[in-house]
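In: quick one: sequence plus predicted model below, questions after.
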Amino acid sequence: MKTSLKTIGLALLASVTTIVTPAVSADHHGKAKTVTAAKVDIVDTAVSAGAFNTLVAAVKAADLVETLKSEGPFTVFAPTDEAFAKLPAGTVENLLKPENKQQLIAVLTYHLVPGKVMSADLAGKKLEAATVQGTTVAIDATNGVRVDNATVVQADIETSNGVIHVIDQVILP
């Protein structure tokens, strides 16, 4: 009888953990990984992942948090902290300065496409997608998925207001 109650208790704990676990988390190398979860918005998913600290700081500096918490839907090509680290020294710090807010907004909104675009929608295609920034981004999904010069390293992280595709480089308009 104790074993049955213990098993039920563990099963209940596992189901509760599944409900509150973020959709993405970081492994011990800081790379994003998917876990089963209830859907939360784009911002909370990025915060919970632990691999998007620079992106989250930039979103906050650009005053885009409310936008990315809104109904959407949005498709975000999200560069990891490692991707931001590949930029020339001082680039991130310079973009985060208040006097460069418009440039930061342009860079961030270039990573954002209106609507929810899943990888299955892109498979086998080459196309240009309109960004929130106002220009288009090149997407090549004929052999993996590339967005401009970045590679999608993890696709289809669903959120309550869209989807995140993790990329290995910051893309610039």
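Out: Right, received. Where do you want to start? Please read these numbers as outputs of a predicted model, since none were measured by experiment. Numbers count the residues shown, from 1 in each chain.

In: give the helix, strand or coil label for the nearest residue to His111 once chain neighbours are set aside.
Out: Nearest residue to His111 in three dimensions, chain neighbours excluded: Phe77, at 4.7 Å (Cβ to Cβ, 6 or more residues apart in numbering). Using the backbone N, CA and C atoms, a C-beta is placed for each residue, glycine as well. Here Phe77 is recorded as strand under DSSP: H, G, I helix; E, B strand; the rest coil.

In: my guess is Phe77 meets Ala150, correct?
Out: Yes - taking contact to mean Cβ atoms under 8 Å, the distance of 6.9 Å between Phe77 and Ala150 places them in contact.

In: any common contacting residues for the two?
Out: 167, 171 (Cβ atoms under 8 Å, 6 or more residues apart in numbering).

In: show me which of those two is the more surrounded one.
Out: Neighbour totals were compared for Phe77 and Ala150, and Phe77 leads with 25 against 20 (other Cβ atoms under 10 Å).

In: show the pLDDT at that one.
Out: With respect to pLDDT, Phe77 has a value of 97.

In: repeat that for Asn94.
Out: For Asn94, the model assigns a pLDDT of 94.

In: ok, now which ones touch it?
Out: Here Asn94 is in contact with Asn100 (Cβ under 8 Å, 6+ apart).

In: in which helix or strand would I find it?
Out: Asn94 belongs to helix 91-95 when assigned by DSSP states H and E.

In: can you give me the buried ones in the helix or strand that that helix is followed by?
Out: Going down the chain from helix 91-95, the next helix or strand is helix 101-110, by DSSP H and E. By 16 or more other Cβ atoms under 10 Å, the buried positions in helix 101-110 come out as 104-110.

In: cool, and stretch 148-161?
Out: Buried residues in stretch 148-161, defined by neighbour count with 16+ other Cβ under 10 Å: 148, 150, 152-155, 157-161.

In: flag every buried residue along the helix or strand harbouring Val137.
Out: In this assignment (DSSP H and E), Val137 forms part of strand 136-140. For strand 136-140, burial by neighbour count (16+ other Cβ under 10 Å) applies to 137, 139.

In: run through who's touching it.
Out: With Cβ under 8 Å, 6+ apart, strand 136-140 has contacts from 77, 110, 113, 122, 125-131, 145-148, 171.

In: sweet, I'm off.
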